[in-house]
Structures are given as structure tokens and as C-alpha cells.
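[1] Compute the structure for the input listed below.
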Amino acid sequence: MSSVSKRFSLSKVLSSTNVFSPIKGINALLFTIAIISLIVADSALADEERAFPVDDFHSLSVAKDVSVSVICGSAPMVIAKGHKDVLDDLDIDQSNGTLSISNDGEDPGIFSSKHLDISVITNKPIDDIQAIMGSQLQAHPCAISDKNLHVVASMGADVKIEGKVQYLNAEFSMGANFNEKESDLQIERANVDAAMGVNAFLCGAKYVSGEQAAGTLLNIGQDTQQNISTAMGAAVSKSGCS
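    Okay, the predicted model is just below:
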């Protein structure tokens, strides 16, 4: 083979191999840099935090992909953290002592999340809580009423409450979760109605009544007295709290 033919063959091999193609390598590098720049820029936007002063309230309702921590303070306030575009559409409303928070923003894109982290500060105990549509809520002991507490959780909501309550009236449905085995919620009496895939822990309850249906699991303590009716695959368990 002539030297001309050898040079031609080598050039053909190099041009058809990604490893030896400088143009393709540069393009890949530029693409990677562009992706990293987008991620960094979008992450910076996601760190925005806003504070919303609110009036006194005794009832709280949260909805749509929010993680809410209810804490105590001298003045009621909502502090939300997330993507700017999502914060722009955060709906905060008050009526008749109820504070309603709904994440109405659209998904900002593949590098960000619609999810918002929210701190709710209350200056008085809350006696009514509602969490729906994938929301997560955790209430500190000082933030809830130690007398009567009404809790509604539905549509994939996850609620965790600790403290002491004389009477709990709860309604759980559609894949909601309430508390965990380790949750320290002491209850004198509770009435719990649950349906459709609910998983709830009332390990610290002295007495529980109510109705369970459609695949729910209610976990109660070894010493808990109960008058609970079950139907359609629902169950009451004491082993889940041990």
C-alpha cells in the first residue's frame, strides 16, 4: 500500500471515531457547560424566601404539594420558600378565623420543583387542621389546642401532630397518613372515621371510637380501649405501636 493510501485510510478512521473527533468533543463539552449553567441558574431562583404577615387564626387549611411546619411565635406569619414563579402564585387567604394556603403555581420546569417549604407561625393554639392533595404538615405541641382538635387529611396528605389533646375528632381518606409509631401525641378520647387506604397511628390514645373502611389501617396502643367498626378490608392493629 502506498503512503498516500495509508494517509487516506487513517484519516477516514479518525473522522469516523468519536474518540478522535475534536469537533464532537468540543460540542459535547459546550452542551455539558450549558446544562450546568441552566441548573445553577435555576437553583438560584429556587432559593427565594418570602414572608407574609397574617391575622390571628385558629383554623389552618393547606393544599397542593406543600410541606408545612406549624410553630409558635409572638406574631402570626407565613414564610414560604421555593421557586420564584411558584411563589408568585401562592394563594394565602383568611376568612372567619381560617388561614388557607394553596400552592396554585405551575411546574417551573425540569430543573425545578413546584414544591414549597412553608413555616406557619401562630400566636394561639390551633383547633382545626385540614391537609389535602399531597400536602405535608407537621405541628409542634405548642401550636395545637390541648382541648378539642379537629383534623382532616385526604388525597395523599401526610400529617404529623405531637402534644396533648383531650378530644381528637379526625377524618382521614384517600391515602392519607397520620403520625408514626414514634409520634408523641397523647389523647384522652378520639373519634376517627377513615376510608380508602389510610394509615394512621394513635399509639398514645386512651380511648378510640369510629368507623374504618376500604383498606385502612388504624394502629392503636396496647392499652388503648376501643369501639371501632371495620368493613371492606379495614383493620385495627395493636402490634404497629409496639
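[2] Tell me the helix or strand right after the helix or strand where Val151 lies.
    Secondary structure assignment for Val151, by DSSP states H and E: strand 148-154. Next in sequence after strand 148-154, counting helices and strands by DSSP H and E, comes strand 158-161.
[3] so how far is the strand or helix carrying Asp85 off the chain centroid?
    Following DSSP H and E, one finds Asp85 within helix 84-88. Relative to its chain's centre, helix 84-88 lies at 18 Å (CA atoms, centre = their mean, to the nearest Å).
[4] Quickly list the domain ranges of this structure.
    Domain assignment for the chain by automatic domain parsing gives 3-40, 53-241.
[5] deepest of those domains, which one?
    Among those, domain 53-241 has the highest mean neighbour count (mean count of other CB atoms under 10 Å), at a mean of 18. For every residue, glycine as well, the C-beta is placed using N, CA and C.
[6] how far does that domain sit from the chain's center?
    Offset of domain 53-241 from its chain centre (CA atoms, centre = their mean): 10 Å.
[7] can you tell me which of the domains of the chain the model trusts least?
    Mean pLDDT per stretch puts domain 3-40 lowest among the domains of the chain, at a mean of 58.
[8] who does the strand holding Val151 pair up with?
    Counting by DSSP bridges, the strands paired with strand 148-154 are strand 128-132 (parallel), strand 163-173 (parallel).
[9] Not counting its neighbours along the chain, what's nearest Ala131?
    Spatially, and ignoring its direct neighbours in sequence, Ala131 is nearest to Ala157 (3.9 Å; CB to CB, 6 or more residues apart in numbering).
[10] thought the one you found was touching Ile132?
    Yes - using CB atoms under 8 Å, Ala157 makes contact with Ile132 at a distance of 5.5 Å.
[11] coming back round to it: so who does the residue nearest to Ala131 touch?
    By CB atoms under 8 Å, 6 or more residues apart in numbering, the contact set of Ala157 is Ala131, Ile132, Met133, Gly134, Ser135, Gln136, Leu137, Ala176, Asn177.
[12] Identify the farthest-apart pair in those.
    Met133 and Asn177 (13.7 Å; CB to CB).
[13] What backbone torsions are found at the most centrally placed residue in the chain?
    The residue lying closest to the centre of the chain (CA atoms, centre = their mean) is Gln136, at 3.2 Å. The phi and psi values for Gln136, taken as degrees, to the nearest 10, are phi -120, psi 130.
[14] still on that earlier bit, against which helices or strands is the helix holding Asp85 packed?
    Judged by 3 or more CB pairs under 8 Å, 6 or more residues apart in numbering; DSSP states H and E, helix 84-88 is in contact with strand 48-53.
[15] The helix or strand just after the strand it packs on vs strand 148-154, what angle?
    With elements assigned by DSSP H and E, the helix or strand that comes after strand 48-53 is strand 59-63. Put simply, strand 59-63 runs at 10 degrees to strand 148-154, going by axes from the mean of the first three to the mean of the last three CA atoms, to 10 degrees.
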